[in-house]
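1. Here you go, sequence then predicted model.
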Protein chains: 2
Amino acid sequence: MNALLTDLYQLTMAAGYYEAGKTKERATFELFVRRLPYNRNYYLACGIEQAVDYLLNLRFTSEEVDWLRKQPQFTRVSPGFFDSLLDFRFTGDVFAVREGTPVFAGEPILTIRAPIIEAQIPETYLLATIGFQSSIATKASRIAETAAGRSVVEFGTRRAHSPHAGLLAGRAAYIGGCTGTSNVECSHRFGIPMFGTSAHSWVMSFSSERVAFEQLQALLGDATVYLIDSYDTLQGARTAAEIGKPMWGVRLDSGDLIELSRKVRQILDDAGYRDAKIMATGDLNEYRILELSAASAPIDVYGVGTDLATSADAPSMGAVYKMVELEVEGIKRYTAKYSDKKATRPGSKQVFRYSDHDMIGCSWECPSCPEGSRPCEALLRPTIIGGQLVEPLPDIHAARTHASASLARLPKAIKSLYAPEDAPWQVVYSEEMKKLEERVKRNYGAGR
Amino acid sequence: MNALLTDLYQLTMAAGYYEAGKTKERATFELFVRRLPYNRNYYLACGIEQAVDYLLNLRFTSEEVDWLRKQPQFTRVSPGFFDSLLDFRFTGDVFAVREGTPVFAGEPILTIRAPIIEAQIPETYLLATIGFQSSIATKASRIAETAAGRSVVEFGTRRAHSPHAGLLAGRAAYIGGCTGTSNVECSHRFGIPMFGTSAHSWVMSFSSERVAFEQLQALLGDATVYLIDSYDTLQGARTAAEIGKPMWGVRLDSGDLIELSRKVRQILDDAGYRDAKIMATGDLNEYRILELSAASAPIDVYGVGTDLATSADAPSMGAVYKMVELEVEGIKRYTAKYSDKKATRPGSKQVFRYSDHDMIGCSWECPSCPEGSRPCEALLRPTIIGGQLVEPLPDIHAARTHASASLARLPKAIKSLYAPEDAPWQVVYSEEMKKLEERVKRNYGAGR
């Protein structure tokens, strides 16, 4: 189980809430990103399924509780707290956007309302799984957009931040728009199409490149992808063509991909392999693909690894998880933080998406939509209520479709690889939300 | 199990090796980094323990094999291959550097010699676990060096690339020089000291900051760390001082840390809390710490999260895993790759560390050391032989000590945050290695 996969302070605070008699207080926390990095115009929310699985299955084993009990940080804590951990279940409510939904700064991706201990402990895990997968889904969507209709396959597990991160990267990349992944477990577990070619070691393990190619073709038939750059790319292409058997195509993995792809295309065409495809790999990302695409390099499929699986140009999302409400003995208190540049807005929120902007309002608002227009959509949906899943989550294919359909509805400028001077999508706060914030700030000022 | 946590091509190539009758051929693969990023002068090797665990426990379940059998990529593969997967065990040899060893471009961190299928399948997992942990250990060592004797605690799980990556980041950061981690499971599983403070939600959950501080102190006694920036940092410091009870100290998490740490120090000192410590957190990294340190900001402990757990300025290590030898029917063949900028050197290697440089030689070399000098050290050590662990791996604390002792023996310039114009550590190739390379290249040229 994963109950200890959290920050120590979540557990000491949980003990503190217990000791302070706060176990019945219900807190509302929101998970959101404070600001977008300079090279991201949106984030695709991803990782909701893993977040939900975690909450529904969060348990402490007796071994874990016994171990905790003995740690110096817990010497002043009453035995009752540890007993309560043995019975720990998440009994609260979760509101979340659908996986694949584009979100902007300040918009909650997930809201938790639960007894304060149940809401506090999951913070670390939720941030890590949603922040990471959202980063990767977003990166994938930028790459897929730049590839402009050509397939992009996720090849990054080897460079991911642990093999397990590679598994989740494959999942998130698919939701973000990749056609598939090279990660076999990702296909096995999530039903994502898997793709593969062959490695240099395959070529090197035979007495010559030609023998290696012949053996590969015997194994894979018309699905064969010859890796042609082990020794000399153009010679590799000629050898592949000379085998004279059906192939899917060839893979270029080094050198000047623009120049080489043109020459290889010519070699394949001259040999009658007009349908054979060219896959390119090797330190690709959206910026490199844009160059290749601008040069009309005859590349049919991109395999993208390192930069995709690590979201290399924005390697963390900076998501936070902040308390916005606390209900003590039936009375709701709105909470916020006023630290320098890290202030938060009080009150449980809803995000209303209109055809041309978003409005962040109070969760209890039901804003009127302009007559004749498409009604706005409330993005946060009840997902877990009273510790029970409301309805099965959309599957991964639905999440992928949702991501591409949602992005298609946003202005084209949002898909620029760079941040336009004017934000391409406006996010405003409702009047009610502004009033609430004003009131809370005033009360806080008065109470000091 | 993790057997499917690999790239598809590893398994199709394995099937291909089987079909081509190559199951008895023994391959040697080396895992190394091609070049160092501009902002890294070395890498600390890390993740060997997870690599070894993986190899010793690599198994395919029957469910996994049945699933594989049905995938379109395996339709032409004989049933015998799948049967062999059910009996899969790693029976080969592993030579690895000790965890915590500084390594340079081209130096193998790990060498595998095994039947080719057993050596091929692990590539993806090994690269991901060693590449990631080495990145984090290295980043941690840069931060710890810059902190110049002040403690650095790893706080990054929430921003790591999945919760599981956070767990491994805590481990690697400790080996690299951090004092501990906030990750509880990391302490539970690896015996690393854990640290924690409290969150803004703790402060916000009480009717006032003062009540929150009193309750925290009642819980933690002299281990109390007050988080003082929820509303107003200096007021928070005064409130902490007014509680009048023992404390460990306070935490600053926002604002101008130089200015605030001085003022807070003054407030604590004036109240008689001369021993109370100041911890600083909030988007720290080695560059920020250098500024704080240069300004003599009175900060005692740094908590570093995002940039450490993601190695943000060098988020992937670019490790590769290349075949260098293949033994076919008792005859050894040296293998290499001549792709543009991605060429590799043939032959199994050993790294000899001298007092003032490294020499990469052939694994069978025993170079003479200059008379009267400290004998050179062969960094790659037998770790697994014939599928069996040679001796228990050094524990995590020994790895941490080894890292700091090894770094201390290297020239000071290596610890610069930037790459000096002249590489601070010379890595040369032995004459025998150069001759081997020349010979292999000539033969390859002749054979074309």
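-> Okay, I see it.

2. worst-scoring helix or strand of chain A, pLDDT-wise?
-> Least confident helix or strand of chain A, by mean pLDDT, DSSP states H and E, is helix A:431-447 with a mean of 84.

3. what does that helix contact?
-> Helix A:431-447 is contacted by residues A:334-336, A:338, A:345-347, A:349, A:360-362, A:365, A:429, B:208, B:231 when judged by Cβ atoms under 8 Å, 6 or more residues apart in numbering or on different chains. Every residue, glycine included, has its C-beta placed from N, CA and C.

4. So which bits of that helix are buried?
-> Going by neighbour count (16 or more other Cβ atoms under 10 Å in any protein chain shown), the buried part of helix A:431-447 is A:Met433, A:Leu436, A:Glu437, A:Val440, A:Tyr444.

5. re the thing from before, only whichever of the contacts of helix A:431-447 are buried, select them in ChimeraX.
-> This is how ChimeraX selects the buried members of those, with burial counted by 16+ other Cβ under 10 Å:
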select /A:334,335,336,345,346,347,349,360,361,362,365,429 /B:231
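
6. Tell me which of the contacts of helix A:431-447 has the lowest pLDDT.
-> Least confident of the contacts of helix A:431-447 in the model: A:Tyr338, at 76.

7. Let me know the secondary structure of that one.
-> For A:Tyr338, the assignment made with DSSP: H, G, I helix; E, B strand; the rest coil gives coil.

8. Give me the nearest residue to it, chain neighbours excluded.
-> Nearest residue to A:Tyr338 in three dimensions, chain neighbours excluded: B:Tyr231, at 5.2 Å (Cβ to Cβ, 6 or more residues apart in numbering or on different chains).

9. Distance check, the one you found against A:Lys342.
-> The gap separating B:Tyr231 from A:Lys342 is 12 Å, by Cβ to Cβ, to the nearest Å.

10. and what of A:Asp253?
-> From A:Asp253 across to A:Lys342, the span is 44 Å (Cβ to Cβ).

11. who has more neighbours, the two?
-> For A:Asp253 versus A:Lys342, neighbours defined as other Cβ atoms under 10 Å in any protein chain shown are more numerous around A:Asp253 (23 against 18).

12. Sheet-wise, list the partners of the longest strand anywhere in chain A with their directions.
-> Longest strand in chain A by number of residues (criterion: DSSP state E): strand A:319-328. Each strand paired with strand A:319-328, and its direction, by DSSP bridges: strand A:26-33 (antiparallel), strand A:331-334 (antiparallel).

13. the strands in the stretch 251-400 of chain A, which residues?
-> With DSSP state E, counting those that start in this stretch, the ranges of strands along the stretch 251-400 of chain A come out as A:277-280, A:301-304, A:319-328, A:331-334, A:349-353, A:357-362, A:377-378, A:381-385, A:388-389.

14. whoops, I mixed them up, the stretch 1-150 of chain A
-> When assigned using DSSP E, counting those that start in this stretch, the strands of the stretch 1-150 of chain A occupy the ranges A:26-33, A:43-44, A:93-96, A:102-103, A:110-115.

15. need those strands in CSV with mean pLDDT, can you?
-> CSV is the format used below for the strands of the stretch 1-150 of chain A (pLDDT from 0 to 100):
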stretch, mean pLDDT
strand A:26-33, 98
strand A:43-44, 98
strand A:93-96, 98
strand A:102-103, 98
strand A:110-115, 98
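
16. tally of neighbours for A:Asp300?
-> Residues contacting A:Asp300 under the criterion other Cβ under 10 Å number 15.

17. Report the contact partners of the nearest residue to it once chain neighbours are set aside.
-> Nearest in space to A:Asp300, with sequence neighbours left out and distances taken as Cβ to Cβ, 6+ apart, is A:Lys277 at 4.1 Å. The contact partners of A:Lys277, by Cβ under 8 Å, 6+ apart, come to A:Trp248, A:Gly249, A:Val250, A:Asp300, A:Val301.

18. just checking, the third one is part of a strand?
-> Yes: looking at A:Val250 with three-state DSSP, it is inside a strand.

19. So what sits opposite it in the bridge?
-> The bridge-partner assignment for A:Val250, based on DSSP bridges, gives A:Tyr226, A:Ile278.

20. ditto for the last one
-> Note on A:Val301: beta-bridge partners A:Ser151, A:Met279, judged by DSSP bridges.

21. Tell me the spacing between it and chain B.
-> 14 Å (Cβ to the nearest Cβ, to the nearest Å).

22. That residue contacts A:Glu154, correct?
-> No: the pair A:Val301 / A:Glu154 is not scored as a contact, 11.9 Å apart, by Cβ atoms under 8 Å.

23. circling back: just give me how far the least confident helix or strand of chain A sits from the chain centre.
-> Chain-centre distance of helix A:431-447: 34 Å, with Cα atoms, centre = their mean, to the nearest Å.

24. now it and strand A:349-353, what's the angle there?
-> Per axes from the mean of the first three to the mean of the last three Cα atoms, to 10 degrees, the angle that helix A:431-447 makes with strand A:349-353 is 150 degrees.
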